[in-house]
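Visitor: The following block contains a protein sequence and its predicted model.
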Amino acid sequence: MSATERYDQIGTDYASVRRPDARWVARIHQALDGHRTIVNIGAGAGSYEPGFMSVVGVEPSQIMISQRSSSAAPVVCGVAEQLPFQDGAFDVALAVFTVHHWSDPGVGLAEMRRVSHKQVVVTWDPDVFARQFWLVRDYLPEAVARERQLATLATVLAHLGPTTTEMLLVPDDCTDGFFGAYWKRPQAYLEATVRGAISGLALLDRGVVSAAMERLKVDIGQGRWHARYSDLMELCELDLGYRLVVAEH
Ligand SMILES: C[S@@+](CC[C@H](N)C(=O)[O-])C[C@H]1O[C@@H](n2cnc3c(N)ncnc32)[C@H](O)[C@@H]1O
């Protein structure tokens, strides 16, 4: 299945579950400060696009494009690996939670460098994720195995040259329903709509996910989850490995 077909299939409820989180908006927009033009690659429904810049989106899935609001920036139907723009056409190229879906991440990241002077990428460190996130560590090691095969932080760093990398902590009430968003709200993972908007769960073997969710449901119901992870209840944000990578050339 191509990435486009994948998002045409799993992306149907994306905009309602994956609402940009204001704290991450602030962090990402800080990296865009002082620039005028931006291309948002793997733009999806338009999350994290800045209202203060001239924006063009690039997105292959019509289902995702159809969820962009009427006021969203114009979008070109296309892929990262073949950007229909001239060299240096934009001040910034942005890619949020998308590089791991590209069929050739190396080519896509080289395209980002070709069309822009600054690249801003949100991705994650799978080692931190596997170590810190109770859901994959204790219930779904199969998700870790899958994530380790994806193009994540190491790939981005290898292809973007010198970068700065900052931690993106996950607030306990995060509104963008990505994989780690509900670390303090375990019941959320029991909902099919929530899981459907998380590719790391939606693309795993259904039987494996169902069995893990059944174990989680029982543990929550019997108070075992809260007893085991009581230390998390003290925290209001957590490092699950999400990273903001910025490169300038
Ligand atoms: C998890 S969504 C992220 C969407 C948006 N950036 C966000 O933060 O909400 C991943 C997006 O990458 C898109 N995508 C998949 N393969 C792609 C490719 N080769 N080039 C560009 N975008 C791609 C998918 O269609 C999907 O919209």
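Guide: Ah, there it is. Because the structure is predicted, anything quoted here is derived from the model rather than measured. Residues are numbered from 1 along each chain as shown.
Visitor: can you pull the contacts of whatever residue of the chain ends up closest to the ligand?
Guide: Nearest to the ligand in the chain, going by CB to the nearest ligand atom, is Gly44, at a distance of 2.7 Å. The way it works is simple: take the backbone N, C-alpha and C, and place the C-beta from them, glycine included. Listed by CB atoms under 8 Å, 6 or more residues apart in numbering, the contact partners of Gly44 are 7, 11, 14, 18, 59, 61, 64, 67, 98.
Visitor: isn't the last one right up against Ile41?
Guide: Yes: applying CB atoms under 8 Å, one finds Thr98 in contact with Ile41, separated by 6.5 Å.
Visitor: So which of the two has more stuff around it?
Guide: Ile41 (28 against 23; other CB atoms under 10 Å).
Visitor: and stretch 54-66, does that touch the ligand?
Guide: Yes: residues of stretch 54-66 are located near the ligand by CB under 6 Å from any ligand atom, namely 58-61, 64.
Visitor: Show only the entries of those residues found in helices.
Guide: Filtering the residues of stretch 54-66 next to the ligand for membership in helices, criterion DSSP state H, returns Met64.
Visitor: Ser54 reaches His35, doesn't it?
Guide: No: with contact defined as CB under 8 Å, Ser54 and His35 do not form a contacting pair (9.7 Å).
Visitor: what residues does the protein put near the ligand?
Guide: 3, 7, 18, 41-44, 47-48, 58-61, 64, 79-81, 96-98, 101-103.
Visitor: Kindly supply the ChimeraX command isolating those of these that are buried.
Guide: To isolate the buried subset of these in ChimeraX, counting by 16 or more other CB atoms under 10 Å, use the following:
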select :3,7,18,41,42,43,44,47,48,58,59,60,61,64,79,80,96,97,98,101,102
